[in-house]
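*Asks:* next comes the sequence, and after it the predicted model I'd like to discuss.
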Amino acid sequence: MAEATEQERTLENNLLNKIAEAISAISDAKHVDQVISAIHSVAVLLFPVDPSLFSGSIGDKYRERFSSSVVPSTDERNDWLETFYRGAAFPTFARVLLLDVASDWLSCFPISVQKHLYDVFFLDGPVIEVVQVLVPFLHHVGDGGVDANSVQTNVERLLILCLLENAGVLKITKEISDSYQGENFKNGSLKPLLSRLSQILTSIPDKARLKAPPLLSSHLYFKNITNQLLQILDDRASSTEANSTVIVLSFVGEIFSRICRRGLSDLLLSEVTPHVLAHVRRLLNSKMGSIEMETFQLDPTPQIWSKTMEAVTDPYAVEKMAEQLLHQLYAEHASDVEAFWTIWSLFHRNVIHQASVRSIFVDKFLLWKVFPIRCLRWILQFSVLECPPVTNTLAKGDVTQGLLETTQRLASVWSKREFLQSVPLEQQAYITAALGLCLENMSKEELDRTKDVMHSILQGVSCRLENPGDLVRKMASSIAFMFSKVIDPKNPLYLDDSFTGNAIDWEFGLQMAVGGVRSITNSMENEDGENKTSAALTEVNDSSRRNKEKNRKSKNISDFLLADPDEIVDLATLNCETESDKDDVDDNASVSSDNSSVTSLEPYDLMDDDKDLGKQFTHLVDVVGALRKTDDADGVEKAIYVAEKLVRASPDELTHIAGDLARTLVQVRCSDITIEGEEDSAEEKRQRALIALLVTRPFESLETLNNILYSPNVDVSQRIMILDVMSEAARELANSKTLKPKHEARGPLISNISDPQPWYLPSNASTPWKKVPETGSFHLNWANRFERELQSKPGQTKKGKSRRWSLKSADRDQNSSDWSQNKFPLYAAAFMLPAMKEFDKKRHGVDLLGRDFVVLGKLVHMLGVCMQCASMHPEASALAISLLDMLQRREVSNHPEAYVRRAVLFAASSVLVALHPSYIVSTLVEGNLDLSRALEWIRTWALQIADSDIDRDCYTMALSCLQLHAEMALQTSRALESTGGSSSSSTGRINISLPSGISKLTSIKLPSSNVHL
């Protein structure tokens, strides 16, 4: 042993002397052939160098020296090679090759010399040693005249050749398995080396230059490395060396961990998943029938993969790999059976032996992450049900303890109101689906064994049914349906009419519901030119727009926007049907009577006709009286249907009876007076009547509605209806139009003598006079009567059925001016101030800041609509501060319900749109800081919502609100500069001095000015 050690020491000394001579020759060289000769003197000791491959590229003097060099034997060369790479010789000589030679001489080397003499030191040696020497030079900073660019370019080239083109990682694993024994790994002496190698290999893309070759980019580099690792695992599946296999798998697992830590788990699994899935499919295809668990347990490849994942000791890497595996399986369209066995092949040992990995699947993946529903089914099947699926459906094994514990944990989280308020909608739907799928696989006996699951489910369903969101209520209906099937499979509970059969869409159509990004605008115009409210609060105002007309025809509100002063109204016709409707009914009746046979006609009692000849309402007093007779359902329904038309006619009695009519319409119950299926039509008629009442008599109606808005005698649905009606009435008042006839100058009263015909004589173009025959008695015919048809005026046409006394001119619109006027600002204060007064006061049956948050959201939305309708008017400026004071209340702006926060964002955006820049400038100049503070609050609060709110609509609306705030500030700055510019033009340069406190409120600097807003 001592002799062997002495021999190795002597060999190492001789080798170091040879290297010292070569280094000295390189430093003293004056010609490139001298450098090549010095390198050859060392290479011939280590490698089987063939001089004929590059001798033609050097001079004759050195060619003869190469051919006459002494070549050692194969055994001697192996000893020289091992001593060179295992000791200090290789790092010393490599430093000269990578710095001095690469910087000064390598560009002069012929290609053959570079390939067969220079590169062999890095390509034919042990990759473990070569990599540890090459990688540090990627960050070498040039000094002492060394060209850093040439050095780094050469190192990058050598790394590509060594690791990528020559499969260096595969060589490393072979070197590890050949050189190290299992004992060294067990006692821990090999782990630091494997950790250092994996760290060096995964750090190469980060250390490479920005202009490095594309193969060293993270994507291509790690893709190549991963493919080599996959080949290593395939080779190990057929290997019988247990000790070396453990070492190699530990090395592969370490590299997997570091790749995931660098944020490339998606790239890693995009290569791993198809590889494992292909093997699973081969096994499944080989067993055409049902496959047993033993098939995968006895197959070596799944065992190698599970041991590799068990070697990944980093919990973060395991979590990211499991997460990306699910996404990749979903992208590969794997079936439930294929997905289960793929997940089992990778993670079944981790789940059994590591509690942290099991917690990832049953806790994080069910409660904290959001996956597609198919992935959720795979998670439940693998980690909860713990058995293979049957024909792509969830299957339950013999052990159900995991199912019961998971169901209880999910139900406990799902039932909490705080969860409903603080979790994004996507995650709520995901956990709802997880709970529903667990309930699908439970029996009543198993449910009875759980603790508090029934109470939790009932509590969760109850709080969701109170939510205004359709999707949230649908979640409650789905869980209630599944829960009822567990209790009594024959009598399921249907809370939603959309359910068909026993299958439930656990995706809840969420991609369509939340896929689009809602925006905030003042108003948008559809293709027909009609104004519609912002889509940002579709949920806030959806109840008033959800009603659809089914069996009765009604006119749109826009039909009543034109007030014609020439219109004559017959009150007797303002009942349930128009004349055209009656004609349609008669036509249909005649057709049906023609098709019916005579034998089908049956006699009936003529006394029944009295029921059809009901009273025709012509006065509003009769309508109010009929509405109060709740025992007469037909009369109440007919009164509701005729109320709007009578109100639109605006009779004299309307002023005195508006308050009573409004109160009566609010208090009537449409569900009590209509048959099933007709409630929506009657409800729409009632709301239209209230809208007409607010439009025609705003002050009288608003006084009544504001008094009963917070009254304990009305319920939540009636309060919501009142606010919806006020919003629609405000829009109609803002969009109202009135036709005013033009007053044209009349001609002279005295006709000119030059006129061809006097004015009192008929025109010659008329038809001749005709005698009208009389049909009465003789003594009544005192004189003969004559008549003729007059020629119509140009453009004058006869209409069909009309309520006009005179003929209507077709060019009336050209002869009259279309005068549009926003009537709402006059009534804005009456709409807004009483509703805002004492909104936060808790009364009997009224708690807007508590359980009645839906009413609060509707109220805030209604106030925002009012601000939109009063946009750019002085009334908007006067009411904006009061509204912003209300919105700044912490209970309102930071409300736990996203429904209310969306309404506040809408109202704040409406204020920004409604305020005129000149008014803001005037408040700044006058030193009024209240408005400035309120506008600054909008900006800071919107920033807070955009940064931290969990609701998708809230933070998208907050971004739009910030954009409106920036546009408002820009318009204000321009208005302020124009004011200063106009003043300076007449009196010289005038600086506008603003109060000092204003600069602290905002951080907007005016362009080309020293004034800050």
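*Replies:* Everything's here; your move. Numbering: from 1, shown residues only.

*Asks:* now the spatially closest residue to D124 that is not a sequence neighbour: how far from R377?
*Replies:* Among residues not flanking D124 along the chain, F47 sits closest, at 5.7 Å (CB to CB, 6 or more residues apart in numbering). Any C-beta I mention is one placed from the backbone N, CA and C, and that applies to glycine too. Taking CB to CB, to the nearest Å as the measure, F47 falls 59 Å from R377.

*Asks:* try P489
*Replies:* For P489 relative to R377 (CB to CB), the value is 21 Å.

*Asks:* which one of those two has more residues nearby?
*Replies:* Under the criterion of other CB atoms under 10 Å, the comparison of P489 against R377 puts R377 first, with 23 against 11.

*Asks:* which other residues reach the helix or strand hosting the more buried one?
*Replies:* For R377, the element it lies in under DSSP states H and E is helix 373-379. Helix 373-379 is contacted from outside by 326-327, 329-330, 336, 339-340, 343, 361, 365-366, 371, 394, 430, 433-434, 437, 506-507, using CB atoms under 8 Å, 6 or more residues apart in numbering.

*Asks:* buried subset of the residues you listed, written for PyMOL?
*Replies:* In PyMOL syntax, the buried subset of those is picked out as below (16 or more other CB atoms under 10 Å):
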select buried, resi 326+327+329+330+336+339+340+343+361+365+366+371+394+430+433+434+437+506+507
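
*Asks:* what about the contacts of helix 373-379, which are in helices?
*Replies:* Among the contacts of helix 373-379, DSSP state H puts 326-327, 329-330, 336, 339-340, 343, 430, 433-434, 437 in helices.

*Asks:* just give me the closest of these to H219.
*Replies:* Of all those, H219 sits closest to H327, with 17.5 Å by CB to CB.

*Asks:* can you pull the pLDDT of the closest one?
*Replies:* If you check H327, the pLDDT there is 96.

*Asks:* show me the contacts for it.
*Replies:* H327 is in contact with 266, 269, 371, 375, counting by CB under 8 Å, 6+ apart.

*Asks:* tell me the buried residues within these.
*Replies:* In the contacts of H327, burial by neighbour count holds for 269, 371, 375, counting by 16+ other CB under 10 Å.

*Asks:* once you drop chain neighbours, what's closest to the second one?
*Replies:* Once its chain neighbours are removed from consideration, F371 has its nearest residue in L326; the separation is 5.7 Å (CB to CB, 6+ apart).

*Asks:* for the one you found, give me its contacts.
*Replies:* Counted by CB under 8 Å, 6+ apart, L326 has contacts 343, 365, 371, 375, 378-379.

*Asks:* again with K320
*Replies:* Residues near K320 by CB under 8 Å, 6+ apart: 260, 265.

*Asks:* and with 10 Å instead?
*Replies:* Neighbour list for K320: 257, 259-261, 263-266, 268-269, 314 [criterion: CB atoms under 10 Å, 6 or more residues apart in numbering].

*Asks:* check T202 too.
*Replies:* By CB under 10 Å, 6+ apart, the neighbours of T202 are 218, 221-222, 225, 254-259, 261-262, 264.

*Asks:* in helices, which of these appear?
*Replies:* Residues of the contacts of T202 located in helices (DSSP H): 218, 221-222, 225, 254-259, 261.

*Asks:* so L81 makes contact with V44?
*Replies:* No - with contact defined as CB atoms under 10 Å, L81 does not reach V44; the gap is 11.8 Å.

*Asks:* give me the pLDDT for the residue nearest to L380 when sequence neighbours are not counted.
*Replies:* Counting by CB to CB, 6+ apart, L380 lies nearest to L437, which is 5.8 Å off, once chain neighbours are set aside. pLDDT recorded at L437 is 93.

*Asks:* show me where the stretch 551-700 of the chain has helices.
*Replies:* 579-595, 609-612, 620-628, 633-648, 654-667, 670-673, 679-696, 698-709 (DSSP state H, counting those that start in this stretch).

*Asks:* export these to a markdown table and tack on distance to A958?
*Replies:* Below are the helices of the stretch 551-700 of the chain laid out as a markdown table (distance: least, CB to CB, whole Å):
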| stretch | distance to A958 |
| --- | --- |
| helix 579-595 | 48 |
| helix 609-612 | 58 |
| helix 620-628 | 44 |
| helix 633-648 | 39 |
| helix 654-667 | 35 |
| helix 670-673 | 38 |
| helix 679-696 | 31 |
| helix 698-709 | 29 |
